[in-house]
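In: predicted model, plus sequence, below.
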Amino acid sequence: MDRDHASAREEAVRLDKWLWAARFFKTRSLATEAVNGGKVELNGLRPKPSKDVKIGDQLRVRIGAFVHALTIRALSDRRGPASVAAQLYEESAESIAARERLREQHRIAPAGQYEERGRPTKKDRRALSAFEERQRRRDR
């Protein structure tokens, strides 16, 4: 590999590769799906997975209910140990505090419980269908 190609690679990395290398997603295809699904913002915009990221760019990554607000500090297109991946970005103090509050709320909140005993029986399905049919007739 020549020097020009190596230096060009260090100046910018594809967003999906960077997210994978920074260990936000287990595979690159999951990172691509998240970007396409609108779960990632780059500098306030909705990017494509192939968009190049640079040092200093601002990222917002939503994983489940948690939102990470990040500043890119280093570039990498290779996945390494978690200790190295943590050095690729800096998370804002507000983002960390918000995630901790949400984690605490989830811990305190009661877990939803399913009261039923599994799949509905044939009789239950027929009763539900009859009820829905009565509702459709009433709404006409």
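Out: Yep, that arrived.

In: give me the three-state assignment for L59.
Out: strand (DSSP: H, G, I helix; E, B strand; the rest coil).

In: nope, R79 is what I was after
Out: With three-state DSSP as the basis, R79 sits in coil.

In: got the phi/psi numbers for it?
Out: Recorded main-chain torsions at R79 are phi -80, psi 130, according to degrees, to the nearest 10.

In: residues in contact with the residue lying closest to it once chain neighbours are set aside?
Out: Excluding the flanking residues, the one nearest R79 by Cβ to Cβ, 6 or more residues apart in numbering is A21, at 5.0 Å. All C-beta atoms are positioned from the backbone trio N, CA, C, and that covers glycine. For A21, the contact set (Cβ atoms under 8 Å, 6 or more residues apart in numbering) comprises 13, 76-80, 85, 88.

In: which of these count as buried?
Out: 13, 76, 79, 85, 88 (16 or more other Cβ atoms under 10 Å).

In: determine which two of these are furthest apart.
Out: The span of the buried ones among the contacts of A21, defined through Cβ to Cβ, is set by V13 and A85 at 13.2 Å.

In: list residues touching both of these two?
Out: Residues touching both V13 and A85 by Cβ under 8 Å, 6+ apart: 21, 76.

In: tell me the pLDDT of D4.
Out: If you check D4, the pLDDT there is 42.

In: actually R137, not the one I typed
Out: Per-residue confidence (pLDDT) for R137: 87.

In: that one - that's part of a strand, no?
Out: No: R137 sits outside any strand when classified using three-state DSSP, being helix.
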